[in-house]
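the following comprises the amino acid sequence and a computationally predicted model.
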Number of protein chains: 2
Amino acid sequence: MEIILQEKLLQENDHIADENRRYLNAHNTKMVNIISSPGAGKTTFLEALLPVLEERSIHTAVIEGDQQTTRDAERIAATGTHAVQISTGQSCHLNAQSIHTVLQTLPLQNLDLVLIENVGNLVCPAEFDLGETIKIALSSTTEGDDKPAKYPLLFTESPFVILNKTDLLPYVQFDTKKFFADIRILNPEAVFCEISALTHEGIHHCADTLLKRIT
Amino acid sequence: MEIILQEKLLQENDHIADENRRYLNAHNTKMVNIISSPGAGKTTFLEALLPVLEERSIHTAVIEGDQQTTRDAERIAATGTHAVQISTGQSCHLNAQSIHTVLQTLPLQNLDLVLIENVGNLVCPAEFDLGETIKIALSSTTEGDDKPAKYPLLFTESPFVILNKTDLLPYVQFDTKKFFADIRILNPEAVFCEISALTHEGIHHCADTLLKRIT
């Protein structure tokens, strides 16, 4: 009973996600769905990335998914980028319907790229297609190098993986080689980049690699 | 429809959780349910804590919840403590039924304390009572001090909060005062401790505070 309902929910979600994808394609707008643990640095990454995308004349909007508070949306709005907040309440992930509703309000004809910051969670968000061009898995060096093995669905689903908080590598036990090797097993085509969203180290290279991957 | 089913599931879960609680009480065994983000350091905390509990003649067993891999259970077993692994598969949290099944296999007459390491996730595990004596929220300094405001249910539900990775405080932007003040708003009775599970700083004090809180 549970499983059947879950499957039905996922089918309905995937149907709306396909609609979102067609709608974005019709406007030649790309969309990325950024997924990470709580506190891995999604918002700080966006704060560092958005000015670089603006330098490259890429017009963007950000959709912020959070259970509570509008803090992240406020931080994005402070960069000058249009930010829309979706409050998910009890739900541990964004779904395609909520993204569908927001996309109708965005001026897609003027937008090259919509960046979604999903709810901080490695499990549920990986199961729900939002209609994105690609999922981006964002990990941080302080979480440990065992995350690909322990949360394989996210890394299998994400052709682009960002390792954040490289500035803390001297102070933590993290085997970068092992981390990327474990991802390669799950997703041989995955593209990687290493950044410190805080110090902006690697952010220009990461922006260019991302733009190359989605266009 | 969704909401009704969710409520029914939670009701069934709570019913079994109450049974677990009665069963544990009958054996005078306490149980704690440790919840954190992925990579906040739950397993490393247990590796540091278990020898201290043994010094205090507290007999323990550990239940490990993970979607995939038995790595954490193997790490706990290596300490000499009895460890049972629950593979949750697609599910993002442990439920009372799975704990009920494991409790039947444990020699509760010889156990003072069962420690549950839930799936790494700040959202779903907070919603599911397992029959524990208390929930423990474990946060780390590298996740940022905004977690209580962004994931209030966990901190409202947890009368014991551990701040881990204090060894990294010099290298991150984390306002310890603000973090604990935000928790106080949600849960005025909460007890705190600060540790570095890696260096074992604060672990003896934390063990004693925990034992005092649950007995």
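Structure received. Note that this is a predicted model, so its numbers are computed, not measured. Residues are numbered from 1 along each chain as shown, chains lettered A, B, ... in the order given.

flag every buried residue along the lengthiest helix in chain A.
Of all segments of type helix in chain A, defined using DSSP state H, the longest is helix A:2-26. Using 16 or more other Cβ atoms under 10 Å in any protein chain shown as the test for burial, helix A:2-26 gives A:Asn13, A:Ile16, A:Ala17, A:Asn20, A:Arg21, A:Tyr23, A:Leu24. C-beta: built from backbone N, CA, C; applies to glycine.

take these and write them to CSV, including pLDDT and distance to A:Ile35.
Output for the buried residues of helix A:2-26, formatted as CSV (pLDDT from 0 to 100; distance: Cβ to Cβ, whole Å):
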residue, pLDDT, distance to A:Ile35
A:Asn13, 94, 15
A:Ile16, 97, 18
A:Ala17, 98, 15
A:Asn20, 98, 17
A:Arg21, 98, 17
A:Tyr23, 98, 22
A:Leu24, 98, 18
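
check those residues against chain B and report the nearest one.
Nearest to chain B out of these is A:Asn13 (Cβ to the nearest Cβ; 11.9 Å).

report the distance from the lowest-mean-pLDDT helix or strand in chain A to the chain centre.
Using mean pLDDT, DSSP states H and E, helix A:2-26 stands out as the lowest-scoring helix or strand of chain A, at a mean of 85. Mean-position distance between helix A:2-26 and its chain equals 18 Å (Cα atoms, centre = their mean, to the nearest Å).

and the contacts of it?
Identification of contacts with helix A:2-26 by Cβ atoms under 8 Å, 6 or more residues apart in numbering or on different chains yields A:30-31, A:95-97, A:99-100, A:103, A:108, A:114, A:127-133, B:2, B:5, B:9.

output the set of residues of chain A in proximity to chain B.
Within reach of chain B by Cβ under 8 Å from any Cβ of the partner chain, chain A has these residues: A:2, A:5, A:9, A:37-40, A:66-69, A:71, A:90, A:92, A:119-124, A:127, A:140, A:142-144, A:146-147, A:149-152, A:165, A:167-168, A:171-173, A:198.

list only those of those residues flagged as buried.
A:37-40, A:66-67, A:69, A:92, A:119-124, A:127, A:140, A:142-144, A:146-147, A:149-152, A:165, A:167-168, A:171-172, A:198.

restricted to helices, list those residues.
A:Lys147, A:Ala149, A:Lys150, A:Pro152.

next up, the contacts around the second one.
Contacts were defined as Cβ under 8 Å, 6+ apart; by that measure A:Ala149 touches A:Asp182, B:Gln68, B:Thr69, B:Arg71.

please report the distance of the one residue sitting closest to the centre of chain A from chain B.
Residue closest to the average C-alpha location in chain A (Cα atoms, centre = their mean): A:Ile34, at 0.6 Å. Relative to chain B, A:Ile34 is positioned 16 Å away (Cβ to the nearest Cβ, to the nearest Å).

and if you look at A:Lys8?
Note on A:Lys8: its distance to chain B, by Cβ to the nearest Cβ, is 10 Å.

for stretch A:65-76, C-alpha coordinates in PDB please.
What follows is stretch A:65-76, C-alpha atoms only, in PDB (Å, rounded to 0.1, in the frame of the first residue of the first chain):
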ATOM      1  CA  GLY A  65      13.700  25.400  -1.100                       C
ATOM      2  CA  ASP A  66      13.600  25.400   2.700                       C
ATOM      3  CA  GLN A  67      11.400  24.000   5.300                       C
ATOM      4  CA  GLN A  68      11.500  27.100   7.400                       C
ATOM      5  CA  THR A  69      12.900  30.600   7.300                       C
ATOM      6  CA  THR A  70      13.600  32.800   4.300                       C
ATOM      7  CA  ARG A  71      17.300  33.400   5.300                       C
ATOM      8  CA  ASP A  72      18.800  31.800   2.200                       C
ATOM      9  CA  ALA A  73      16.500  33.600  -0.200                       C
ATOM     10  CA  GLU A  74      17.400  36.900   1.500                       C
ATOM     11  CA  ARG A  75      21.100  36.100   1.100                       C
ATOM     12  CA  ILE A  76      20.600  35.500  -2.600                       C
END
